[in-house]
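>>> Compute the structure for the input listed below.
(chains A and B)
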Number of protein chains: 2
Amino acid sequence: MILPNENIRLLRPYEPGEQPQIAGFIKLNTNENPYPPSPAVLRALKQSIKDRLRIYPDPQFRQLRSITAQRWRVSAEHIFVSNGSDEVLRLIFQCYLSPGDSVAGLFPTYTLYETLAQLFGATMHYYELDDDLRIPEALFKRVPHKIICLSNPNPPFGTFYDTELIALICRANPDSIIIVDEAYVDFAPKHALALVKLFDNIIVTRSFSKSFGLAGLRIGFGIAQPHIVEYLYKIKDSYNVNVMAQIAAIAALQDIRYYRQIIQNIIASRSHLIKELTKLGFNIPPSSANFFFARWCENARWIYEALKRKKILVRYFDHPRLADGLRISVGKENENKKLITALKEIVKNEKKSTKRTKTR
Amino acid sequence: MILPNENIRLLRPYEPGEQPQIAGFIKLNTNENPYPPSPAVLRALKQSIKDRLRIYPDPQFRQLRSITAQRWRVSAEHIFVSNGSDEVLRLIFQCYLSPGDSVAGLFPTYTLYETLAQLFGATMHYYELDDDLRIPEALFKRVPHKIICLSNPNPPFGTFYDTELIALICRANPDSIIIVDEAYVDFAPKHALALVKLFDNIIVTRSFSKSFGLAGLRIGFGIAQPHIVEYLYKIKDSYNVNVMAQIAAIAALQDIRYYRQIIQNIIASRSHLIKELTKLGFNIPPSSANFFFARWCENARWIYEALKRKKILVRYFDHPRLADGLRISVGKENENKKLITALKEIVKNEKKSTKRTKTR
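Okay, here's the model as predicted:
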C-alpha cells in the first residue's frame, strides 16, 4: 500500500460542525444565517438554471469581480474569488508556506488555521489571548512567522479588534503575510479593507456564507494587492467556483438593502440573547459576530447534550479554555425564544438536582 | 514584497479554453455536453433553491455517495466526491507527491497533469504515443514515477485504450499511484472500474461535466480503495462541493435513461462529423470521446481563426504534435451542420486562393 506524505499521514483534520441531514433541528451550531437569501437571489438562480448548467463557469469571474470591486471601492485586480473563504485560506498557505515554516495565530481562534499549517508541513505557533481576550503584546513586534492569521471578529468569542491594532501588526511584520479573516465582519462595527492599500503583505478574506446566507453555495473572496491575487489565480483549480454561486453572489450584492435589514435583526437578537443567557448564569464576553460564547461554571458538555435532546444544536469544543462553554449562533426570533426556554428548563432542573444532592 | 514558493513562482498555469461571456457563439471548444441536463435535474434544483442555500452542504456527501455506489456497484467507502474531477486530480498530487518526485503521462494528453506536477514541485515525464497513438512499451514495465496519469479516452484525440493495457501498467508498477482519468468514458465502449477491486494503487476519476452536462456546477468523483479515499477526505477543503451540485448529481443519477439517450445522440453525431470532415480533407484518428482531433495538412491556426470569425469556437493548441489540428467537441445536430457548412466554405476558399497564388 502506497502511503501519502508524512505531514498528511499525521494530519489531524478539521472537524466541521454537525450537519444533520434530517429535518427538525434548530441549528445554532455552525454560524449560518438564520434568514433566507434575498428574493432577488432566488429569482436570479431560478432564471439561470435552464441555460447555465452545462457550460463551464467564467474562471476569471469578470462580472462578479467588477461588482465586488465597486461595492468595496477597490479595483477588480484586488479581488480573488474562492470556494468559500476556506479555499482562499488554503491557497495562501499553499502559496507561501514551505515545510518547516511556522504560522502564528491567536489562541483560541478558528481551528482550521492549524490544520492548514500541518497540511503544508508547517507548525502552528499560538499567541494566547489574556483573560480579557486582548491580543498579546508580542504580536505588535516582529515575530518569526511566515503567515499571521487574525480572525476579526475572532471565534469562538466573536471579539472585535480595532483596525489600528491590525495595522500595528502589519507594520511590525513586513516579512509575514497577514491574513485578516473577516468572515463575520458584517456583524461588527468596522472592517480592515483600508489596510489593503497601505500594506502589500495583507490579505482580507470574506465569505458569502454568513451575512449573505449562502453557506450552501460555497463562495467567498480575498482582497489584497495584485501581486498576491495573481498568484492565487495561478494556483487555484481552473473552475473553483460554480456558476450558481457566482450568480447568487452577484444578485446578493445588488440587493444590499435586504442584507442590511437582516444583519440589523441578527445584531438585535444577539444583544437580547446575551442579556437573557447572562440572567441564567452564563458568562458571555462581548461579541461582534453572529454568534457568541456562553461560559458555564463547569464543563458544559452536558448542556450541549441536553440541548441536542431537545433538538437544538449548538457547538461544544472539547478543547483547552473552551470546554466550559458553548458557541451559540444567533437564530431567528422564534428559534432564539426556544433556546432561551430550553436553557431555562435545563438550568433549573440542574439547580434542583444539585440542591437535592446537597440536602441528601 | 513577499514572494511565494519557487515552484509557484515558476509555474506555467493551466489555460482553460475560452469561455465567452457574450451569447451567440457555437461553443465546440471545451467538450461540454450540447444537450441540457435532464428535466428531473432542473426540477430538483428549482425545488431546493429556497431552503438549502443558507445551510452548509453535507461535507461527507452521504446521499450522493450511496447513490453513486449503487450505480457503479462499489461501496460508498470507495467514493470521493470532488469539485469537478480537476479537484480530485489535484488532491491526489497533493497527497502523494514530494518535491523532486516525477509524474508520468502519455504525450500528448490533458495538460493539467503537468501543471499539477509543477505545483507540487515534481517534474513531468512524458511517454510519447507513436504515430498510431499506441502506448509505448516502456510503461508496461516498472517505471520510476510516483504517479502515472492515464486519461482514457485520452485527449486531445479521444483514443480509447483497452482495460487490459491499464491492468498491465498497474501490475508492473505497484509503487506508483495510477490515475485513470475517465472524464469521457461514457462515450467509450468500456470503463476500468473493475480494476479498483484488483489493485490498491489505482484511482479512477469521473466527471459530471461531460456526459451529465453539469460543467457549470463543478462536480466529479474518484473511485479507489478506502485507504486512498480516506486521505483525500482528510485533506480536502471542508465543504468542497456545493449543495446545488450535490442535488443535481443525485437527480442525474436517478434519470440514467435520459443520459443514455443523449450519449447515443452524441456518439452518432461524432461518427457523422468525422465522416464529413474527412471528406473535406481532415485526417481524424478514431475517437471514443465527445470530441475528436481533426488534423490539417499544415498549421491549423488559420482555420480556428476563420471559424471564430463565423462565431464557432473550437480548440487550437499551439503545442508540438498538435499545431496542425483542431480539437472539436461534438455539438447538437444544428450546430454540427453549421460547423460542416462553415468548414466547407473555409476550405473551398482556401483551395481557390491557393490555386490563384499558384497560377500567378
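>>> C-alpha only now, for contacts and for neighbours.
OK.
>>> give me the number of residues near A:N283?
For A:N283, the count of nearby residues is 16 (other C-alpha atoms under 10 Å in any protein chain shown).
>>> From A:K308, how far off is it?
Using C-alpha to C-alpha, to the nearest Å, A:N283 is found at 21 Å from A:K308.
>>> Same check on A:I26?
For A:I26 relative to A:K308 (C-alpha to C-alpha), the value is 9 Å.
>>> quick one, which of the two is more surrounded?
A:I26 (20 against 15).
>>> State the distance from the residue lying closest to that one once chain neighbours are set aside to chain B.
Residue nearest to A:I26 in three dimensions, not counting chain neighbours: A:I312, with 4.7 Å by C-alpha to C-alpha, 6 or more residues apart in numbering or on different chains. A:I312 sits 15 Å away from chain B, going by C-alpha to the nearest C-alpha, to the nearest Å.
>>> Pull the contacting residues for A:I312.
Going by C-alpha atoms under 8 Å, 6 or more residues apart in numbering or on different chains, A:I312 touches A:25-28, A:339.
>>> which pair in those residues spans the largest distance?
Greatest spatial distance in those: A:F25 and A:L339, 11.6 Å, computed using C-alpha to C-alpha.
>>> The two: which has the busier surroundings?
A:L339 (25 against 15).
>>> in which helix or strand would I find that one?
Per DSSP states H and E: A:L339 is located in helix A:333-359.
>>> what packs against the lowest-mean-pLDDT helix or strand in chain A?
None of the helices or strands of chain A scores lower by mean pLDDT, DSSP states H and E than helix A:333-359, at a mean of 85. Contacts defined by 3 or more C-alpha pairs under 8 Å, 6 or more residues apart in numbering or on different chains; DSSP states H and E place helix A:333-359 against helix A:256-279, helix A:301-309.
>>> What are the buried residues along it?
By neighbour count with 16 or more other C-alpha atoms under 10 Å in any protein chain shown, helix A:333-359 contains the buried residues A:333, A:335-336, A:338-340, A:342-344, A:346.
>>> And for stretch A:161-179?
A:161, A:163, A:166-167, A:169-171, A:173-179.
>>> Tell me where the stretch 51-200 of chain A has helices.
A:62-72, A:84-96, A:112-119, A:163-172, A:194-198 (DSSP state H, counting those that start in this stretch).
>>> Out of those, flag the one nearest B:K275.
Using C-alpha to C-alpha, the nearest of the helices of the stretch 51-200 of chain A to B:K275 is helix A:62-72, at 39.0 Å.
>>> for the helices of the stretch 51-200 of chain A, which one sits closest to B:L232?
helix A:112-119 (11.9 Å).
>>> Surely A:I346 is in contact with A:I303?
Yes. Between A:I346 and A:I303 a contact is recorded at 7.3 Å, counting by C-alpha atoms under 8 Å.
>>> hmm, back to that, distance from the helix holding A:L339 to the middle of the chain?
Remark: helix A:333-359 is offset 29 Å from the chain centroid, using C-alpha atoms, centre = their mean, to the nearest Å.
>>> circling back: okay if I get the helices of the stretch 51-200 of chain A as TSV plus distance to B:N290 and mean pLDDT?
Below are the helices of the stretch 51-200 of chain A laid out as TSV (distance: least, C-alpha to C-alpha, whole Å; pLDDT from 0 to 100):
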stretch	distance to B:N290	mean pLDDT
helix A:62-72	28	97
helix A:84-96	31	98
helix A:112-119	37	97
helix A:163-172	52	98
helix A:194-198	46	97
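>>> B:Y126: which of these is closest?
Proximity to B:Y126 (C-alpha to C-alpha) singles out helix A:84-96 among the helices of the stretch 51-200 of chain A, at 26.1 Å.
>>> Let me know how buried A:Q261 is, in neighbour terms.
Residues near A:Q261, counting by other C-alpha under 10 Å: 10.
>>> what separates it from A:F212, distance-wise?
11 Å.
>>> Do stretch A:209-223 and chain B come into contact?
Yes. Stretch A:209-223 lies within reach of chain B by C-alpha under 8 Å from any C-alpha of the partner chain, at A:209, A:213-218.
>>> most neighbours, which of those residues?
A:L217 leads those on contacts (other C-alpha under 10 Å) with 32 neighbours.
>>> Would you agree that one is in contact with B:N242?
Yes. A:L217 lies in contact with B:N242 (C-alpha under 8 Å); the separation is 4.9 Å.
>>> Close to chain B: what parts of the stretch 101-250 of chain A are there?
Counting by C-alpha under 8 Å from any C-alpha, the stretch 101-250 of chain A sits next to chain B at A:119, A:175-177, A:200-201, A:209, A:213-218, A:231, A:234-235, A:237-244.
>>> Take these and keep only those in helices.
A:119, A:231, A:234-235, A:243-244 (DSSP state H).
>>> can I get those residues in TSV with neighbour count?
Shown next, in TSV, are these (neighbours: other C-alpha atoms under 10 Å in any protein chain shown):
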residue	neighbour count
A:L119	27
A:Y231	21
A:K234	18
A:I235	21
A:V243	27
A:M244	27
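>>> Could you list the low-confidence segments of chain A?
A:355-360 (pLDDT under 70).
>>> Which residue would you name as the spatial centre of it?
For chain A, the residue nearest the mean C-alpha position is A:A183 (4.5 Å; C-alpha atoms, centre = their mean).
>>> give the contact list for that residue.
So A:A183 contacts A:85, A:151-153, A:205-207, A:210 (C-alpha under 8 Å, 6+ apart).
>>> tell me, how many neighbours does A:I22 end up with?
6.
>>> The one 10 residues further on too?
Close neighbours of A:E32, defined as other C-alpha under 10 Å, add up to 24.
>>> what does the one 5 residues further on give?
Around A:P37 there are 24 other residues, counting by other C-alpha under 10 Å.
>>> ok, now which ones touch the residue lying closest to it once chain neighbours are set aside?
Spatial nearest neighbour of A:P37, excluding adjacent residues (C-alpha to C-alpha, 6+ apart): A:G213 at 5.5 Å. By C-alpha under 8 Å, 6+ apart, the contact list for A:G213 reads A:32-37, B:53-55.
>>> swap in A:S75?
So A:S75 contacts A:66, A:69 (C-alpha under 8 Å, 6+ apart).
>>> Ok, A:T111 next?
Counting by C-alpha under 8 Å, 6+ apart, A:T111 has contacts A:Y14.
>>> cool, the one 3 residues further on as well?
Taking C-alpha under 8 Å, 6+ apart as the definition of contact, the neighbours of A:E114 are A:123-124.
>>> cool, and A:S85?
Contacts of A:S85 (C-alpha under 8 Å, 6+ apart): A:183, A:205-207, A:219-222.
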